[in-house]
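Undergrad: Test case, fold it:
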Amino acid sequence: MSLPTAILLTYGYILIFGWVFLEQIGLPLPATPVLLAAGALSATEHMSFPLALFAGAGACLVADTSWFFFGKKYGHFVLRLLCRFSLEPTTCVRRTHDSFGRRGAYTLLFAKFVPGLSVVAPPVAGQIGMPLGRFLVFDTAGALIWVGTLLGGGRLFGDILDKNPRILNWAGHFGGALLVLGILIFLGMRIYRRYSFLRKFRTARLEPEELKKMLDAGEQVYIVDLRHPLELVPDPFTLPGAHHLSPDALAQRHTEIPLDRDVILYCTCPSEATAAKTAMTLHRLGIDRVRPLRGGYDEWKRLGYPMDALPLAVQPDQVVQV
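TA: Residues are numbered from 1 along each chain as shown. Sure thing, here's the model as predicted:
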């Protein structure tokens with residue numbers, strides 16, 4: 001018997017609950033191998049499929065509900081923290097806001113299948129004012145779909161193993177090594193993709209103090225606020241003279257961007273990830289004087305620099321119905 005299988009058999013549903021819970025609170029510990037293994041063991045009646053489903057879905061619900069309340073209370077701070085842990089800071093916040101903007105609570109039904117969306121969806125739901133009851137219904141359904149799919153896939157593989165002992169022996173000898181190797185490759189690729197991307201724009205970042213001096217001196221700059229409209233609901237302010245555009249809209253209207261001045265991009269993402277990605281897009285379109293603002297909107301606000309008030313792009317009574 002392989003070591004991973006022995007551990008799963010020994011600690012059973014506690015291990016499933018704990019591992020899934022750790023992944024759902026934001027730690028980079030993929031629970032997919034554990035759920036697949038549990039599904040395979042259910043084929044040989046070493047584990048109960050319904051109990052494994054209950055343990056996995058319960059862990060999701062506990063973690064997600066906790067982040068829902070943290071997102072409701074602390075907003076951007078929680079999102080920045082979770083994006084750092086998720087290793088997908090480039091798109092996680094904007095992708096989640098976009099999905100909620102288009103699909104509302106139905107986003108929770110498939111969020112756990114999408115890297116960078118799963119861990120951020122619950123706090124975003126809390127941040128935008130989704131009712132708790134609606135959140136619990138859709139989040140529970142999404143958790144059951146996700147856990148059930150992985151357990152079902154493992155159960156199918158377990159049926160094949162049960163019918164062919166030679167495959168079972170091979171899996172027993174090499175399953176543990178392949179599991180560890182798969183996790184290491186998974187994490188390594190995500191870390192490499194993150195830092196290789198951000199390294200390209202680290203030297204191009206503009207300090208908030210420098211931008212403040214440019215504005216005070218009357219220099220002409222083109223400032224773009226890349227935040228999602230839902231992010232403006234709890235904090236409807238922007239930098240002086242900033243144009244509020246989504247990355248896609250900015251790319252489509254790139255011919256309107258003046259070429260005789262610096263284009264300053266800012267967001268609320270860790271390491272200015274959305275701004276950096278948008279800057280790369282604009283460079284490919286022939287706009288060279290593009291600089292992400294270090295620290296983005298949060299750093300500008302922390303320093304107490306002047307801001308302009310904005311009318312809410314999304315009204316509170318609309319947000320409640322997501």
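
Undergrad: pLDDT weak spots in the stretch 101-250 of the chain?
TA: Confidence mapping of the stretch 101-250 of the chain against pLDDT under 70 gives the ranges 116, 158-183, 186, 190, 193-204.

Undergrad: Apply 90 and report the result again.
TA: Residues of the stretch 101-250 of the chain that meet the criterion pLDDT under 90 lie in 101-107, 110-111, 113-121, 123-129, 153-206, 227-236, 246-250.

Undergrad: Please, where are all the strands along it?
TA: Assigned by DSSP state E, counting those that start in this stretch, the stretch 101-250 of the chain shows strands spanning 221-225, 237-238, 243-244.

Undergrad: Which elements pack onto the second one?
TA: Here strand 237-238 is seen to pack against strand 308-309 when contacts are counted using 3 or more Cβ pairs under 8 Å, 6 or more residues apart in numbering; DSSP states H and E. Bear in mind the C-beta positions are built from the backbone N, C-alpha and C, glycine included.

Undergrad: Need the mean per-residue confidence for the strand it packs on.
TA: Per-residue pLDDT over strand 308-309 has a mean of 91.

Undergrad: How far away from the center of its chain is it?
TA: 28 Å (Cα atoms, centre = their mean, to the nearest Å).

Undergrad: Ok, stretch 251-262 next?
TA: With Cα atoms, centre = their mean, you get 29 Å for stretch 251-262.

Undergrad: Buried residues, that stretch. List them.
TA: Residues of stretch 251-262 classed as buried by neighbour count (16 or more other Cβ atoms under 10 Å): Ile257, Asp262.

Undergrad: Kindly report the same for stretch 211-226.
TA: For stretch 211-226, the buried set under the neighbour-count rule, 16+ other Cβ under 10 Å, comprises Leu211, Lys212, Met214, Leu215, Val221, Tyr222, Ile223, Val224, Asp225, Leu226.

Undergrad: if we can go back for a sec, okay if I get the strands of the stretch 101-250 of the chain as TSV plus distance to Val20?
TA: Shown next, in TSV, are the strands of the stretch 101-250 of the chain (distance: least, Cβ to Cβ, whole Å):
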stretch	distance to Val20
strand 221-225	37
strand 237-238	39
strand 243-244	38
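
Undergrad: Of all the ones you listed, which one is nearest Arg103?
TA: Across the strands of the stretch 101-250 of the chain, Arg103 has its closest neighbour in strand 243-244 (22.3 Å, Cβ to Cβ).

Undergrad: Parallel or antiparallel, list what pairs with that closest one.
TA: strand 221-225 (parallel) (DSSP bridges).

Undergrad: number of nearby residues for the spatially closest residue to Tyr266 that is not a sequence neighbour?
TA: Of all residues not flanking Tyr266 in the chain, Leu293 sits nearest, at 3.9 Å (Cβ to Cβ, 6 or more residues apart in numbering). Counted with other Cβ atoms under 10 Å, residues neighbouring Leu293 total 23.

Undergrad: Identify the bridge partners of Leu293.
TA: Beta-bridge pairing for Leu293 (DSSP bridges): Leu206.

Undergrad: Just the pLDDT for it.
TA: At Leu293, pLDDT is 90.

Undergrad: now swap in Cys60 and tell me
TA: pLDDT, Cys60: 95.

Undergrad: residue boundaries of the helices in the chain?
TA: Remark: helices assigned in the chain by DSSP state H are 3-24, 32-43, 49-74, 76-86, 92-103, 107-110, 121-127, 132-163, 165-199, 208-216, 247-252, 273-284, 296-302, 316-319.

Undergrad: circling back to that earlier point, want to throw the buried residues of stretch 211-226 into a markdown table with distance to Pro240?
TA: Shown next, in a markdown table, are those (distance: Cβ to Cβ, whole Å):
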| residue | distance to Pro240 |
| --- | --- |
| Leu211 | 10 |
| Lys212 | 10 |
| Met214 | 11 |
| Leu215 | 6 |
| Val221 | 10 |
| Tyr222 | 12 |
| Ile223 | 8 |
| Val224 | 13 |
| Asp225 | 11 |
| Leu226 | 16 |
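
Undergrad: and which of those residues is nearest to Thr140?
TA: Leu226 (33.2 Å).

Undergrad: what residues are up against that closest one?
TA: The neighbours of Leu226, taking Cβ atoms under 8 Å, 6 or more residues apart in numbering as the test, are Arg94, Leu245, Ser246, Pro247, Leu250, Leu265, Tyr266, Cys267, Thr274, Ala275, Thr278.
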